[in-house]
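[1] Structure here, sequence nowhere to be found:
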């Protein structure tokens, strides 16, 4: 009995000694891990702010893109710190990195379409074929851009409808931007009879252009014969107008041309007999 009690006491002392040694050892590891996490969190915030500030000053970099890349920098630092902390406790970091790589590959294959939209969104934000507020036309969608995101672009159609277009459908196709250039050309064509004076008709067209203050005089408006047929002669007035006023001006010019060329003059009324 005494021998058994002695063995129990010795075993207890050994266990307590080992426990205290482990406590001391891991207490330093835990303390170092906490300090490392705290320092890593501060560094990630500093690098995030530095990257965002630097990218925001780069011409052509959208704010959405600056936030995206700065967040990537922050989370990459945090991931590196987390792996380093695990290494403090004896975890094999090589296997963790391999597992993360395999998981990333699997997620990338599963979200292939989404990643294509992200890549297209980055290219749209960098190259800027269109901006918010501009009117565009593609084979898939037509409308005014209201927001450009990393996954999709929001548009408002001419009849006031909301439309969401994945970025991949806007990147690999031709894009017509109706708002990008300051001036836009318009060709106004009228048909006159073969017996009518061509010079007078061309002069009348030029007078219409000069009488509209919205039409640019540099480059100057010009007229030319567009077509000849047995039914009449087609004359074209070519002029340039500010993009923002293009639609209204073309309609005003059509109305003015209608009055000059296609509305017959009303005969003067005979004076009332005295």
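    Arrived safely. Since we're looking at a predicted model, the values are computed, not measured.
[2] any idea which helix or strand of the protein has the worst average confidence?
    The weakest-scoring helix or strand in the chain, judged by mean pLDDT, DSSP states H and E, is helix 93-110 (a mean of 62).
[3] Beyond that one, next helix or strand please.
    helix 112-127 (DSSP states H and E).
[4] Give the pairing partners of the helix or strand following that next one; include direction for each.
    Downstream of helix 112-127, the first helix or strand assigned by DSSP H and E is strand 135-137. Strand 135-137 has the following sheet partners, assigned by DSSP bridges: strand 142-148 (antiparallel), strand 176-177 (antiparallel).
[5] Return the most buried member of those.
    Greatest average neighbour count among those goes to strand 142-148 (a mean of 17), per mean count of other CB atoms under 10 Å. Any C-beta I mention is one placed from the backbone N, CA and C, and that applies to glycine too.
[6] Quick one: mean pLDDT for the helix or strand that that strand is followed by?
    Scanning forward in sequence from strand 142-148 by DSSP H and E, the next helix or strand is strand 152-156. Strand 152-156 shows a mean pLDDT of 93.
[7] give the contact list for the residue nearest to residue 55 when sequence neighbours are not counted.
    Excluding the flanking residues, the one nearest residue 55 by CB to CB, 6 or more residues apart in numbering is residue 66, at 3.9 Å. Each residue near residue 66 by CB atoms under 8 Å, 6 or more residues apart in numbering is listed here: 51, 52, 55, 56.
[8] how about the second one, what does it touch?
    Contacts for residue 52 (CB under 8 Å, 6+ apart) come out as 66, 67, 70.
[9] In helices only, show me the residues you listed.
    Counting by DSSP state H, the part of these found in helices is 66, 67, 70.
[10] Distance to residue 138 and pLDDT for those - can I get that in CSV?
    Listed next are the ones in helices among the contacts of residue 52 as CSV, based on distance: CB to CB, whole Å; pLDDT from 0 to 100:
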residue, distance to residue 138, pLDDT
66, 26, 74
67, 26, 75
70, 30, 81
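[11] Could you point out which of the residues you listed is nearest to residue 82?
    When the ones in helices among the contacts of residue 52 are compared for distance to residue 82 (CB to CB), residue 70 wins out at 19.0 Å.
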